[in-house]
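> Sequence isn't available, so here's the structure alone:
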Ligand code: A3P
């Protein structure tokens with residue numbers, strides 16, 4: 001903790017706000033908050049709190065505005081932010097490229113059908129007045145026609161979005177996190193991420209404690225400290241969805257899932 005250092009002492013440690021070295025660009029409801037909080041436990045990582053939304057919503061404010069949102073870091077630390085809206089926003093790859101063509105990009109993906117249900121549960125919890133049913137949001141006319149104009153659907157077409165990113169960044173600059181594994185085996189996912197980021201391996205399965213009541217892993221920053229869980233907005237109860245609606249969505253996403261798996265060379269085991 002550097003809060004008590006004076007400016008000379010900060011200078012000696014090269015303590016300053018730096019533009020991010022890595023960005024968690026998506027996907028919404030994939031487990032992006034969990035991932036950022038887990039990475040924050042690493043001594044060589046400094047992370048923002050709230051989502052900056054710089055490249056999608058505040059770009060006109062300029063890079064210095066953005067830099068100012070970053071926590072102070074020393075020269076041994078990586079600065080990381082997460083804004084899942086980046087993944088699906090047209091102008092963002094070009095804008096990030098203009099900041100740094102070397103920035104590392106992290107995407108947490110999850111079965112797009114579960115992702116859509118999770119997104120729907122979030123929307124319903126935020127605006128209880130919206131009585132729109134799941135089917136009314138996902139489909140046109142009847143459940144055989146998926147409404148592709150819906151953001152809830154668009155977000156899950158992962159291959160389409162990644163294609164736009166690959167116009168600017170090579171695949172090696174991306175790391176794809178399996179969002180389901182992040183829940184069931186966070187230690188293994190965290191080791192892979194630390195390797196990708198070139199960090200010494202400091203976070204392993206020893207840092208996690210699976211909280212049975214919540215059904216999610218919680219992180220111990222120090223092995224002798226109490227585990228810290230995310231708040232109740234993460235890990236909401238999902239509404240019951242008619243199996244036919246689920247099948248229709250699965251059929252819709254299947255070709256996009258296949259393509260995405262091929263593009264990134266990873267199998268996700270989604271139905
Ligand atoms: P649900 O609320 O649908 O379960 P994001 O942070 O990108 O919005 O993602 C939210 C999702 O993160 C949650 O969706 C939950 O499934 C997932 N998640 C992954 N690891 C988690 C953890 N350790 N604690 C709570 N939620 C976690």
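Here it is on my side, so go on. Source: prediction; values computed, not measured.

> Show residues contacting stretch 35-52.
Surrounding stretch 35-52, the residues in contact under the criterion CB atoms under 8 Å, 6 or more residues apart in numbering are 24, 58, 66, 69-73, 76-85, 106, 108, 177, 182, 186, 190, 193-194, 197, 199-200, 202-203, 207, 219-221, 228, 230. Yep, even glycine has a C-beta here, placed from its N, CA and C like the rest.

> can you list the residues of the stretch 101-250 of the chain near the ligand?
Contact residues of the stretch 101-250 of the chain with respect to the ligand, defined by CB under 6 Å from any ligand atom, are listed as 118, 182, 183, 216, 217, 230, 234, 235, 236.

> how would you label the residue nearest to the first one when sequence neighbours are not counted: helix, strand or coil?
Same thing as residue 118. Across the structure, with CB to CB, 6 or more residues apart in numbering as the measure, the residue nearest residue 118 apart from its sequence neighbours is residue 29 (4.1 Å). Reducing the assignment at residue 29 to three states with DSSP: H, G, I helix; E, B strand; the rest coil gives coil.

> quick revisit: neighbour-wise, which one of the residues of the stretch 101-250 of the chain next to the ligand leads?
residue 182 (24 neighbours; other CB atoms under 10 Å).

> Which stretches in the stretch 151-271 of the chain count as helices?
Counting by DSSP state H, counting those that start in this stretch, the stretch 151-271 of the chain has these helices, from start to end: 151-154, 158-166, 179-184, 186-196, 243-264.

> Can you add mean pLDDT and give the ones you listed back as a markdown table?
Converted to a markdown table, the helices of the stretch 151-271 of the chain look like this (pLDDT from 0 to 100):
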| stretch | mean pLDDT |
| --- | --- |
| helix 151-154 | 97 |
| helix 158-166 | 98 |
| helix 179-184 | 98 |
| helix 186-196 | 98 |
| helix 243-264 | 98 |
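
> just to revisit the earlier point, tally up the residues packed near the residue nearest to residue 118, please.
Per other CB under 10 Å, the neighbour tally for residue 29 reads 26.

> isn't it right up against residue 120?
No. Using CB atoms under 8 Å, residue 29 is not in contact with residue 120, being 9.5 Å away.

> how about the spatially closest residue to residue 210 that is not a sequence neighbour, what does it touch?
In space, residue 210 comes closest to residue 217 once its chain neighbours are excluded; the distance is 5.1 Å by CB to CB, 6+ apart. Residue 217 sits next to 183, 186, 208, 209, 210, 211 when contact means CB under 8 Å, 6+ apart.

> what do you get if the cut-off is 10 Å, keeping everything else the same?
When contacts are counted by CB atoms under 10 Å, 6 or more residues apart in numbering, residue 217 touches 34, 38, 182-187, 205, 207-211, 227, 229-230.

> centroid residue for the protein?
Note on the chain: the residue nearest the mean C-alpha position is residue 32, at 2.8 Å, using CA atoms, centre = their mean.

> pretty sure that residue is in contact with residue 118, am I right?
No. Taking contacts as CB atoms under 10 Å, residue 32 lies outside contact range of residue 118: 11.7 Å.
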